[in-house]
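Chemist: Provided below for reference: sequence and predicted model.
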Amino acid sequence: MNAVILYTSKHGCAEEAAKALQNVLGPGTEMVNLMRAKPSDLQRFDLVILGGSIYYGQVQKQLTAYMNTEQQQLLLAKTIGLYICAAAEGDKAQAELEQVFPKELLNRASASAVLGNRIIPGKLSWMERLVLRVVSGKSEESGGLFEDRIKQFASELQNA
C-alpha cells in the first residue's frame, strides 16, 4: 500500500508521530511537512494520513488550508487517517480532534486518534512557557507518544 503522511508540527510531537507511523506502515510510506512543502501528486497514494498538533485549540494553519482546498474531493476518494498531538486528555482531546478536521473527512476516515502529548519547554517561546506554567503548573518536559495507539491506528488503516 502506498501511503503518504501529510503533517504539520510546531515543536516536534506531530512529526515524531508521523515518523513512528512511517516505521509501522513500512516501505512505500512518505512523509510531507505541509509547513515546508506540498505533496506532488496524491493520485499515486492509496492511503493519506493527515496530522498536526494542537495549540490554543487549533491545528496549524497550513494543515487547515490544505484540507479546505480543492484537495478535499481527492482526499475523500482515498483511505484516510486523521491524527493530532494534544496536551489535553480524554474527552477534551477527542473534542479537539473532532473540532480541527472537517466533518466530511472525519466521517470518511478509517481511523482517527490522538497519538501523543509531548511538551518540551525548551522548544517553546517564553510566552508559551509562561502559559504552560500558569495553565498546567508544569515547567519541565512531559508526555510522549502513545505507541499502542500508533500501532492500533496503523492497523485500522491497513485493514480498511
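Modeler: Looks like it arrived, so ask away. Numbers count the residues shown, from 1 in each chain.

Chemist: Please point out which parts of stretch 30-41 sit buried.
Modeler: Under the neighbour-count criterion of 16 or more other C-beta atoms under 10 Å, stretch 30-41 has Met31, Val32, Leu34, Pro39 buried. Using the backbone N, CA and C atoms, a C-beta is placed for each residue, glycine as well.

Chemist: ok, residues contacting that stretch?
Modeler: 3-9, 15, 18-19, 22, 45, 60, 62-63, 66 (C-beta atoms under 8 Å, 6 or more residues apart in numbering).

Chemist: Same check on stretch 11-25?
Modeler: Counting by C-beta under 8 Å, 6+ apart, 1, 3, 5, 7-9, 29-31, 33, 47, 49, 51-53, 83-85, 115-120, 123-124, 143, 145, 147, 150-151, 153-154, 157-158 sit against stretch 11-25.

Chemist: Now a PyMOL select for only the buried ones of the residues you listed.
Modeler: Only the buried entries of these go into this PyMOL selection, using 16+ other C-beta under 10 Å:
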select buried, resi 3+5+7+8+9+29+31+47+49+51+52+53+83+84+85+115+116+117+118+119+124+143+145+150+153+154+157+158
